[in-house]
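Trainee: sequence? don't have it. structure:
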């Protein structure tokens, strides 16, 4: 391994690789260290919002994403089969599974800096020196003028830097799976705000649709998950039965992917930068993953960092206003996510009627544009 770099990025997820691309384009000597030997094949975030797409375009893969992704121009809110609001997006949300987006990022990073991405490297320690940061890895020590932790919610970099991690809200439980899209709303994102909890679905390339179901409030006599105590394991049949009971949609279990339960959490680092160490993406903030907003927020972190680390910038305060501005943006994203979680919570009676009336008002003039901007991550 090279002994010294301008910047070492820990974590080769979508945020770490984007930052590596942007820094390499600026002529920086960057190393991106990743513990995993191969990219993850799991499909997690899918939504690429306009600001996130602009960041990907700045890294040189805008045309690739545009060609591969499905464009969404409309979001529809429903309750008990009736439409209660519609939002139109002048600048579309692009839908592409995270594994495919990461493949484009990795290809671009290898083009921009063939030796930057180093897989199978475990970071074991880090310490500040007079010249920057020394990183102890499974293959020896690496020195860097600056270190960025993009290593996820359980960030080793954050922990070793002594940066606190604050829980903001209780967990909200969901389960998701993909199936063939056989419905009447092809091309539209659907938000079913049902008494038993929200069901969201998003079209994907290849005539597929992702279904995300809130499960922390489903009725005790409803379809149950398979498995024992702890994290539930959902069968395809149980997931399909829950979607049908909740919204009436019949999913073809033969085309259904393995259901994946997860918890939507809101957590925030006490600071996004300390000394010669900065955090980006999920290492800095965990925001509800519905619609890919957490991934997009991380891309905006990466772009802000790359702008700050352009040649001839830095000095005694290498991060500048990055920590303050991006932490404030994460706080705004969390407030929006909290609103979304509240709107999607189980409710009935007068509260359900009031919620639906509020959504009709928000989806109509003059607030329609404000709500559409929030959903497409404007202002973050």
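Mentor: Arrived safely. Quick caveat: nothing in here was measured; it's all calculated off a predicted structure. Residues are numbered from 1 along each chain as shown.

Trainee: Quick check, residue 345 in contact with residue 196.
Mentor: No - in terms of C-beta atoms under 8 Å, residue 345 does not count as a neighbour of residue 196; the distance is 10.2 Å. Placement of C-beta: from N, CA and C, glycine included.

Trainee: The two: which is more packed in?
Mentor: When neighbours are counted by other C-beta atoms under 10 Å, residue 345 and residue 196 differ, and residue 196 comes out ahead with 19 against 16.

Trainee: Model confidence at the more buried one, what's the number?
Mentor: pLDDT recorded at residue 196 is 93.

Trainee: same deal with the one 5 residues further on?
Mentor: Residue-level confidence at residue 201 comes out at 94, pLDDT.

Trainee: State the distance from it to residue 322.
Mentor: Using C-beta to C-beta, to the nearest Å, one gets 36 Å for the distance from residue 201 to residue 322.

Trainee: likewise residue 26?
Mentor: In this structure, residue 26 and residue 322 are 15 Å apart, going by C-beta to C-beta.

Trainee: just checking, residue 355 is part of a helix?
Mentor: Yes - looking at residue 355 with DSSP: H, G, I helix; E, B strand; the rest coil, it is inside a helix.

Trainee: neighbour-wise, which of residue 201 and residue 322 wins?
Mentor: Comparing residue 201 with residue 322 by other C-beta under 10 Å, the one with more neighbours is residue 201, at 25 against 21.

Trainee: which SSE is the more buried one in?
Mentor: Assignment of secondary structure by DSSP states H and E places residue 201 within strand 197-204.

Trainee: Next: residue 17.
Mentor: helix 14-25.

Trainee: Same question for that helix: list its buried residues.
Mentor: Of the residues in helix 14-25, those with enough neighbours to count as buried (16 or more other C-beta atoms under 10 Å) are 14, 15, 16, 17, 18, 19, 20, 21, 22, 23, 24, 25.

Trainee: just checking, what packs against it?
Mentor: Contact partners of helix 14-25 among helices and strands, from 3 or more C-beta pairs under 8 Å, 6 or more residues apart in numbering; DSSP states H and E: strand 4-10, strand 30-34, helix 50-58, helix 98-112, helix 293-308.

Trainee: So for residue 134, which of the ones you listed sits nearest?
Mentor: With C-beta to C-beta as the criterion, residue 134 lies closest to strand 4-10 of those, at 9.6 Å.

Trainee: Partner strands of that closest one and their direction?
Mentor: strand 30-34 (parallel), strand 140-149 (parallel) (DSSP bridges).

Trainee: With distance to residue 354, mean neighbour count and mean pLDDT as added columns, please give those in TSV.
Mentor: Written out in TSV, the entries for those read as follows (distance: least, C-beta to C-beta, whole Å; neighbours: other C-beta atoms under 10 Å; pLDDT from 0 to 100):
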stretch	distance to residue 354	mean neighbour count	mean pLDDT
strand 30-34	48	27	97
strand 140-149	43	22	95
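
Trainee: What residues of the longest helix along the chain count as buried?
Mentor: Counting by DSSP state H, the longest helix found in the chain is helix 322-343. For helix 322-343, burial by neighbour count (16+ other C-beta under 10 Å) applies to 322-323, 326-327, 329-330, 333-334, 336-338, 340-341, 343.

Trainee: what bridges to residue 144?
Mentor: Here residue 144 sits in beta bridges with residue 5, residue 133, going by DSSP bridges.

Trainee: ok, it to residue 299 distance?
Mentor: From residue 144 over to residue 299 the distance is 22 Å, taken as C-beta to C-beta.

Trainee: ok, residue 332 touching residue 379?
Mentor: Yes - counting by C-beta under 8 Å, residue 379 is a contact partner of residue 332 at 6.9 Å.

Trainee: List the residues that contact residue 131.
Mentor: Residue 131 sits next to 143, 145 when contact means C-beta atoms under 8 Å, 6 or more residues apart in numbering.

Trainee: circling back: let me have the helices and strands packed on helix 14-25 in a markdown table, extended by distance to residue 174.
Mentor: As requested, the helices and strands packed on helix 14-25 are arranged in a markdown table below (distance: least, C-beta to C-beta, whole Å):
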| stretch | distance to residue 174 |
| --- | --- |
| strand 4-10 | 28 |
| strand 30-34 | 27 |
| helix 50-58 | 21 |
| helix 98-112 | 16 |
| helix 293-308 | 13 |
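
Trainee: so residue 308 sits right up against residue 320, yeah?
Mentor: Yes - taking contact to mean C-beta under 8 Å, the distance of 5.2 Å between residue 308 and residue 320 places them in contact.

Trainee: which residues are common contacts for those two?
Mentor: Between them, residue 308 and residue 320 have no joint contacts when contacts are counted by C-beta under 8 Å, 6+ apart.

Trainee: So for residue 218, what's the pLDDT?
Mentor: 59.

Trainee: immediately after the strand holding residue 201, which helix or strand?
Mentor: According to DSSP H and E, the helix or strand after strand 197-204 is strand 208-214.

Trainee: just checking, what packs against that next one?
Mentor: Contacting strand 208-214 under the criterion 3+ C-beta pairs under 8 Å, 6+ apart are the following elements: strand 165-180, strand 197-204, helix 236-247.

Trainee: which of the ones you listed is buried the deepest?
Mentor: Mean neighbours per residue, mean count of other C-beta atoms under 10 Å, is largest over the helices and strands packed on strand 208-214 for strand 197-204, with a mean of 23.
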